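A.B. asks: quick one, what's the 3D model for this:
(4 chains)
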2 protein chains.
Amino acid sequence: MSPEDRQLRADAERNRRRLLAAAQAVFCERGLDVGVAEIAQRAGVGRGTLFRNFPTKDALIAAIVVERMGEAASRGRILVEAQDPGAALFEFVDELAGRQQLDRALFEAVADAWLANPEIRAAHAEVMEVLEQLLTRAQEAGAVRADVGAMDILIQLKGVCGVAGAFSQIDAAIVERQLDLMRAALSVPGTPQPLRGRTPTAQDIERAYAPSAPSGRLAERS
Amino acid sequence: MSPEDRQLRADAERNRRRLLAAAQAVFCERGLDVGVAEIAQRAGVGRGTLFRNFPTKDALIAAIVVERMGEAASRGRILVEAQDPGAALFEFVDELAGRQQLDRALFEAVADAWLANPEIRAAHAEVMEVLEQLLTRAQEAGAVRADVGAMDILIQLKGVCGVAGAFSQIDAAIVERQLDLMRAALSVPGTPQPLRGRTPTAQDIERAYAPSAPSGRLAERS
DNA sequence: ACCTGAACACCGTTCAAGT
DNA sequence: ACCTGAACACCGTTCAAGT
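C.D. replies: Below you'll find the predicted structure:
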């Protein structure tokens, strides 16, 4: 039923792994617009080999995203067994946010990505399924309002992750605070929901970015 | 104090306007990675003229973003005078989300953009100032919890806008629902906050994207 | 002063030649 | 079967020549 992954020759399989590892490392360090040349070099293969394994640079990125989503789903399946369903749900959300903070560039790509790519859609559906289980349990325990769905949560999470990159440079605690606001939205009305940390000010931004870059470039990934 | 905008020659000024208009139109239609050649052509000028007015393509994008932010701030200043402070605040938020839905590509760019660009930072600070006035009035009226700041709202809004593009293809009402969740987070605990619409399901995504694209490209802006 | 388009540089992708 | 790097195509940017 899946003829896509028939056996590769031993060295080919090794090259594929090396490419994925090299790409992941270099993307995390410097964003998605590092050249394929550098990735291939870091993996110790020629440029052509990269394109033999992944028909396009975007396909390479997609492969990494699929990997990451699989890991996320696995982690979620463990949390479904947890004692406190409400805590388990938000633990899952927190971990996803933390993960994307590491290599947030990836999730930015997904915004446009899953429009088309079927493999990403499949991996994404897997995450959704786990999230739905966690949510249902949390709702049955009365920890989350009954009228929200898993997709609502995922959309909110994606929002938090999207800004996490830009603002965590100012203060990493901002992400936690934003997750708290998300909790407040999801909790059953009437439950008090305190927020950690303080809200950032315009001065925080000025202080963070004014001295560093003279008149610098705009988009990291142009 | 501002020697940056000394008078341009009449034709130069006209070309600058034409370039901005052409770029804005074409960006809204097909995203940020349309070539500068096409923009210049649509504006009826040579490629070189584009780069005389804007040192880089990103600078052109930044100029448009600054324009848009200025308009947003103006709209906000009108709403500060409104009768119902709570309604005024959320009206402002709704309009920003609506605006970005039109040309959301722009706001995606800003995520990385304002890291450096001082003009964008200035325009952004202007929006922040208005938002802060709207928020303070809403808090004094008891419509919004007291422990949130303007930046909290802006971050949440940016989150909603970030996903608005991808999901509004499925159902435009999803954005409204997400704004409702934002309201729920910001409202004082104890206030019931109903949500419009329904949560999207995984099947919605599958139905929306499965038939259309065979195995298509990933990122719109690669 | 400003406009123009040919030329340059850069990077993703292909492919003929190798093993 | 798979690997490689030179060659190609594309697009942002520059610049010598024009007005």
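A.B. asks: tell me where the model's unsure across chain A.
C.D. replies: A:1-8, A:100-115, A:169, A:210-222 (pLDDT under 70).
A.B. asks: can you pull the residues of chain A lying near DNA strand C?
C.D. replies: Counting by Cβ under 7 Å from any atom of the strand, the residues of chain A close to DNA strand C are A:D33, A:V34, A:G35, A:V36, A:A37, A:R47, A:G48, A:F51, A:P55, A:T56, A:K57, A:D58. Just so you know, the C-beta spots here come from the backbone N, C-alpha and C atoms, and that holds for glycine as well.
A.B. asks: cutoff 6 Å now
C.D. replies: Contact residues (Cβ under 6 Å from any atom of the strand) of chain A with DNA strand C: A:D33, A:G35, A:V36, A:A37, A:R47, A:G48, A:F51, A:T56, A:K57.
A.B. asks: quick one: contacts for A:V127?
C.D. replies: Applying Cβ atoms under 8 Å, 6 or more residues apart in numbering or on different chains to A:V127 gives the contacts A:M69, A:A72, A:A73, A:G76, A:L154.
A.B. asks: any idea how far it is from A:R47?
C.D. replies: Distance, A:V127 to A:R47, using Cβ to Cβ, to the nearest Å: 32 Å.
A.B. asks: picking that back up, closest to A:A184 out of the contacts of A:V127?
C.D. replies: A:L154 (17.4 Å; Cβ to Cβ).
A.B. asks: rewinding a little: who wins for neighbours among the residues of chain A next to DNA strand C?
C.D. replies: Neighbour tally across the residues of chain A next to DNA strand C (other Cβ atoms under 10 Å in any protein chain shown): the maximum, 19 neighbours, falls on A:K57.
A.B. asks: and A:N15, how many residues sit next to it?
C.D. replies: A:N15: 21 neighbours (other Cβ under 10 Å).
A.B. asks: which parts of chain A sit against DNA strand D?
C.D. replies: Residues of chain A lying close to DNA strand D by Cβ under 6 Å from any atom of the strand are A:L8, A:R9, A:D11, A:A12, A:N15, A:V45, A:G46, A:R47, A:G48, A:T49, A:R52.
A.B. asks: ok, which stretches of chain A are helices?
C.D. replies: With DSSP state H as the criterion, chain A has helices at A:10-30, A:36-43, A:47-53, A:57-79, A:85-102, A:104-113, A:118-140, A:150-168, A:173-186, A:202-209.
A.B. asks: what lies in contact with the fifth one?
C.D. replies: Contacts with helix A:85-102, where a contact means Cβ under 8 Å, 6+ apart, come from A:28, A:68, A:72, A:75-76, A:79-80, A:82, A:106-107, A:130-131, A:134-135, A:137-138, A:140-144, A:153, A:157, A:160-161, A:164-165, A:168, A:172, A:175, A:179, A:182-183.
A.B. asks: check the second one too.
C.D. replies: Residues outside helix A:36-43 that contact it (Cβ under 8 Å, 6+ apart): A:15, A:18-19, A:21-23, A:25-26, A:46-47, A:49-51, A:57, A:60.
A.B. asks: ok and the residue in chain A nearest DNA strand D?
C.D. replies: In chain A, the residue that lies nearest DNA strand D is A:G48 (2.1 Å; Cβ to the nearest atom of the strand).
A.B. asks: returning to that earlier point: which of the residues of chain A next to DNA strand D count as buried?
C.D. replies: In the residues of chain A next to DNA strand D, burial by neighbour count holds for A:N15, A:V45, A:T49, counting by 16 or more other Cβ atoms under 10 Å in any protein chain shown.
A.B. asks: hang on, isn't A:D204 packed against A:G197?
C.D. replies: No. Applying Cβ atoms under 8 Å as the test, A:D204 and A:G197 come out as separate, 11.8 Å apart.
A.B. asks: overlap in contacts, the two.
C.D. replies: A:D171.
A.B. asks: ok, back up a step: among the residues of chain A next to DNA strand C, which two are most distant?
C.D. replies: A:D33 and A:G48 (20.8 Å).
A.B. asks: quick revisit: turn the contacts of A:V127 into CSV, columns for neighbour count and distance to A:A88.
C.D. replies: As requested, the contacts of A:V127 are exported to CSV (neighbours: other Cβ atoms under 10 Å in any protein chain shown; distance: Cβ to Cβ, whole Å):
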residue, neighbour count, distance to A:A88
A:M69, 24, 19
A:A72, 21, 14
A:A73, 18, 14
A:G76, 24, 9
A:L154, 23, 16
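A.B. asks: would you turn those residues into TSV with distance to chain B?
C.D. replies: Below are the contacts of A:V127 laid out as TSV (distance: Cβ to the nearest Cβ, whole Å):
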residue	distance to chain B
A:M69	13
A:A72	15
A:A73	13
A:G76	15
A:L154	9
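A.B. asks: now the helices of chain A in JSON lines, with distance to B:Q41?
C.D. replies: Output for the helices of chain A, formatted as JSON lines (distance: least, Cβ to Cβ, whole Å):
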{"stretch": "helix A:10-30", "distance to B:Q41": "34"}
{"stretch": "helix A:36-43", "distance to B:Q41": "30"}
{"stretch": "helix A:47-53", "distance to B:Q41": "32"}
{"stretch": "helix A:57-79", "distance to B:Q41": "27"}
{"stretch": "helix A:85-102", "distance to B:Q41": "39"}
{"stretch": "helix A:104-113", "distance to B:Q41": "26"}
{"stretch": "helix A:118-140", "distance to B:Q41": "35"}
{"stretch": "helix A:150-168", "distance to B:Q41": "33"}
{"stretch": "helix A:173-186", "distance to B:Q41": "43"}
{"stretch": "helix A:202-209", "distance to B:Q41": "35"}
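A.B. asks: among these, which comes closest to B:P192?
C.D. replies: helix A:173-186 (13.0 Å).
A.B. asks: so the closest one, near chain B or not?
C.D. replies: Yes. Legend: contact between helix A:173-186 and chain B by Cβ under 8 Å from any Cβ of the partner chain is shown at A:I174, A:R177, A:Q178, A:L181, A:M182, A:A184, A:A185, A:L186.
A.B. asks: please name the nearest non-neighbouring residue to the fourth one.
C.D. replies: Put plainly, it is A:L181. Once flanking residues are discounted, A:L181 sits nearest to B:A185: 4.5 Å by Cβ to Cβ, 6 or more residues apart in numbering or on different chains.
A.B. asks: likewise for the fifth one?
C.D. replies: In this structure, A:M182 finds its nearest non-sequential neighbour in A:Q156, 5.1 Å apart by Cβ to Cβ, 6+ apart.
A.B. asks: contacts only, for A:A25.
C.D. replies: A:A25 makes contact with A:R42, according to Cβ under 8 Å, 6+ apart.
A.B. asks: in contact with A:E71, which residues?
C.D. replies: If a contact means Cβ under 8 Å, 6+ apart, then A:E71 has no contacts.
A.B. asks: hmm, back to that, now, which of the residues of chain A next to DNA strand C sits nearest A:P118?
C.D. replies: Among the residues of chain A next to DNA strand C, A:T56 lies closest to A:P118 (Cβ to Cβ), at 14.8 Å.
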